[in-house]
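Student: Sequence first, predicted model second:
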Amino acid sequence: MEFDLYWLLLGLPFAFLLGWMASRVDLRQLKREDRASPQAYFKGLNLLLNEQQDKAIDAFIEAVQHDPGASDLHFALGNLFRRRGEYERAIRVHQHLLARADIERDARERAQHALAQDFMKAGLFDRAEEAFKALEGTAFTTDARLALLSLHERSRNWHPAIEVARQLESAGTGSFAQRMAHHWCEIAQEADARGRGEEAEQALKRAREAAPQAARPLVIQGQRQLRLGQPAAALAAWDELMALQPLAFALVAQDYAKAALACGATETALTKLEGLYTQAPNVEVLNAVNLLQPDAGVRRQGLISHLMSQPSLSAAQGLIRERLSSHVPLGETEIEGLQKALTTAAKPLQRYRCAACGFESQHYFWQCPGCQGWDTYPPRKLEEQ
């Protein structure tokens with residue numbers, strides 16, 4: 001026993017010395033790694049600021065290798081991959097973060113949100129939808145719902161879009177009434193295309209309930225009634241449109257005149273159109289007036305007055321047509337050539353342009369095909385803006 005105690009006492013100093021030396025080695029190695037990680041991180045940040053993304057990615061990868069537990073470095077790397085369009089690599093980075101057991105709740109939610117954005121950018125809409133839904137009840141709930149709303153609209157899933165819009169409105173994010181009205185209008189048009197008239201009617205009713213001041217439900221309602229051979233009902237819908245949204249009425253002004261001719265309400269319709277034109281001069285409304293105006297002299301004078309106050313190629317073209325029809329003593333060949341030239345010159349201006357992104361089209365869109373925005377098209381064509 002004495003022998004064992006003797007050797008124990010003799011070995012204690014050596015054990016202490018060996019432990020101290022090992023700790024010093026570990027500390028020096030740890031310090032070297034700590035110095036290497038920030039150095040690589042700041043190098044990557046500097047390269048990123050200088051817009052050298054390839055070299056920045058290499059630097060961040062080096063930093064992550066030195067410190068695999070640093071979640072911020074992983075986020076920086078994943079975001080870089082996404083910005084460069086390398087979505088698969090971004091997805092792997094964020095999935096790696098989610099798979100870690102030691103990650104904090106805030107970082108996990110942040111990784112989930114980043115992963116959902118990766119899927120969205122990559123065009124993996126089904127997986128993006130699942131990823132955004134997983135963020136319900138987190139700090140990213142509102143962002144996720146807004147992304148889901150955009151995703152449903154792009155996929156033309158109108159009923160889920162309406163539900164998400166209601167959730168956003170209930171949470172106090174803002175008013176989505178106008179947007180929901182457009183969703184219901186899309187449902188109505190799809191139902192009409194499938195021959196489900198009652199379903200279309202109900203959808204239009206829901207659109208009016210969602211946004212009573214919206215123009216589109218009334219436009220579609222009148223168009224439906226006219227197609228169904230009920231011009232009087234079409235006039236009733238468009239009369240309401242004329243009162244609520246006089247500028248948007250220009251979209252159906254000539255159809256309004258045709259409906260009035262079909263049901264024998266020419267005089268009443270002409271009076272209303274003339275009143276609207278006085279209130280808000282518009283070449284489409286003027287053309288509708290001229291469809292109902294039997295006096296050629298009055299039609300010609302109206303076109304001249306419009307050209308004086310609001311010069312437009314469309315009005316000039318209409319005036320030429322009137323002059324031709326009234327046999328004004330000008331050479332017919334010259335007039336026809338002038339009309340053709342005016343038509344060619346007017347064509348690029350007879351378009352609608354999105355106020356948000358500038359996308360132009362000969363047809364009016366309630367949702368811009370370019371930027372996906374709603375109600376971004378002014379109801380006036382370029383030549384009148």
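Tutor: All right, it came through fine.
Student: Identify each buried residue in stretch 223-240, please.
Tutor: Of all the residues in stretch 223-240, those buried under the rule 16 or more other C-beta atoms under 10 Å are 223-226, 230-231, 233-240. Using the backbone N, CA and C atoms, a C-beta is placed for each residue, glycine as well.
Student: Out of those, which sit inside helices?
Tutor: 223-226, 231, 233-240 (DSSP state H).
Student: Make CSV out of these and add distance to Leu303 and pLDDT.
Tutor: Output for those, formatted as CSV (distance: C-beta to C-beta, whole Å; pLDDT from 0 to 100):
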residue, distance to Leu303, pLDDT
Gln223, 27, 96
Arg224, 32, 96
Gln225, 30, 96
Leu226, 26, 96
Pro231, 26, 96
Ala233, 31, 96
Ala234, 26, 97
Leu235, 25, 97
Ala236, 29, 96
Ala237, 29, 97
Trp238, 23, 97
Asp239, 25, 96
Glu240, 29, 96
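Student: what's the closest of the residues you listed to Tyr352?
Tutor: Within those, distances to Tyr352 taken as C-beta to C-beta reach their minimum at Gln223, with 17.5 Å.
Student: how much space between that closest one and Ala188?
Tutor: Applying C-beta to C-beta, to the nearest Å, the value for Gln223 to Ala188 is 11 Å.
Student: and if you look at Ser155?
Tutor: 18 Å.
Student: swap in Ala200?
Tutor: 4 Å.
Student: Between these two, tell me which one has more neighbours.
Tutor: Ala188 (27 against 22; other C-beta atoms under 10 Å).
Student: what's the helix or strand where that one lies in contact with?
Tutor: Assigned by DSSP states H and E, Ala188 belongs to helix 177-193. Helix 177-193 is contacted by residues 149, 153, 156, 158-159, 161-162, 165-166, 169, 197, 199-201, 203-204, 206-208, 210-211, 214, 216-217, 220, 224, 366-367, 374-375 when judged by C-beta atoms under 8 Å, 6 or more residues apart in numbering.
Student: try 7 Å this time
Tutor: With C-beta atoms under 7 Å, 6 or more residues apart in numbering as the test, helix 177-193 has contacts from 158, 161-162, 165, 199-200, 203-204, 206-207, 210-211, 214, 216-217, 220, 224, 366-367, 374-375.
Student: Just the CA atoms of the next helix or strand after it, as CSV, please.
Tutor: Using DSSP H and E, the helix or strand that follows helix 177-193 towards the C-terminus is helix 197-210. The C-alpha coordinates for helix 197-210 follow below in CSV (Å, rounded to 0.1, in the frame of the first residue of the first chain):
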residue,chain,number,x,y,z
GLY,A,197,-74.0,29.6,-65.5
GLU,A,198,-75.5,29.4,-62.0
GLU,A,199,-72.0,28.9,-60.5
ALA,A,200,-70.8,31.9,-62.5
GLU,A,201,-73.7,34.0,-61.3
GLN,A,202,-73.0,33.1,-57.7
ALA,A,203,-69.3,33.9,-58.0
LEU,A,204,-70.1,37.4,-59.4
LYS,A,205,-72.5,37.9,-56.5
ARG,A,206,-69.7,37.1,-54.1
ALA,A,207,-67.4,39.5,-56.0
ARG,A,208,-69.9,42.3,-55.5
GLU,A,209,-70.2,41.5,-51.8
ALA,A,210,-66.4,41.5,-51.4
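Student: residue ranges with poor pLDDT in this structure?
Tutor: Residues of the chain meeting the criterion pLDDT under 70: 1-71, 328-335, 337-338, 341.
Student: mind running it again at 50?
Tutor: Scanning the chain for pLDDT under 50 picks out 1-3, 20-37, 49.
Student: In it, mark out all the strands, start to finish.
Tutor: For the chain, applying DSSP state E gives strands covering 352-353, 360-361.
Student: With distance to His183 and mean neighbour count as added columns, please give those in a markdown table.
Tutor: Below are those laid out as a markdown table (distance: least, C-beta to C-beta, whole Å; neighbours: other C-beta atoms under 10 Å):
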| stretch | distance to His183 | mean neighbour count |
| --- | --- | --- |
| strand 352-353 | 21 | 20 |
| strand 360-361 | 21 | 14 |
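Student: burial measure for Glu267, as a count.
Tutor: 10.
Student: er, Ile304 actually
Tutor: Ile304 has 13 neighbouring residues, counting by other C-beta under 10 Å.
Student: who are the neighbours in contact with it?
Tutor: Counting by C-beta under 7 Å, 6+ apart, Ile304 has contacts Leu319.
Student: From Gly174, how far off is it?
Tutor: Using C-beta to C-beta, Ile304 is found at 47 Å from Gly174.
Student: swap in Leu313?
Tutor: Applying C-beta to C-beta, the value for Leu313 to Gly174 is 40 Å.
Student: I'd say Gln310 and Pro281 touch.
Tutor: Yes: with contact defined as C-beta atoms under 7 Å, Gln310 reaches Pro281; the gap is 5.9 Å.
Student: how far does stretch 190-204 sit from the chain's center?
Tutor: Computed by C-alpha atoms, centre = their mean, to the nearest Å, the chain-centroid distance of stretch 190-204 equals 25 Å.
Student: Buried residues in that stretch, which are they?
Tutor: Ala191, Asp192, Ala200, Ala203, Leu204.
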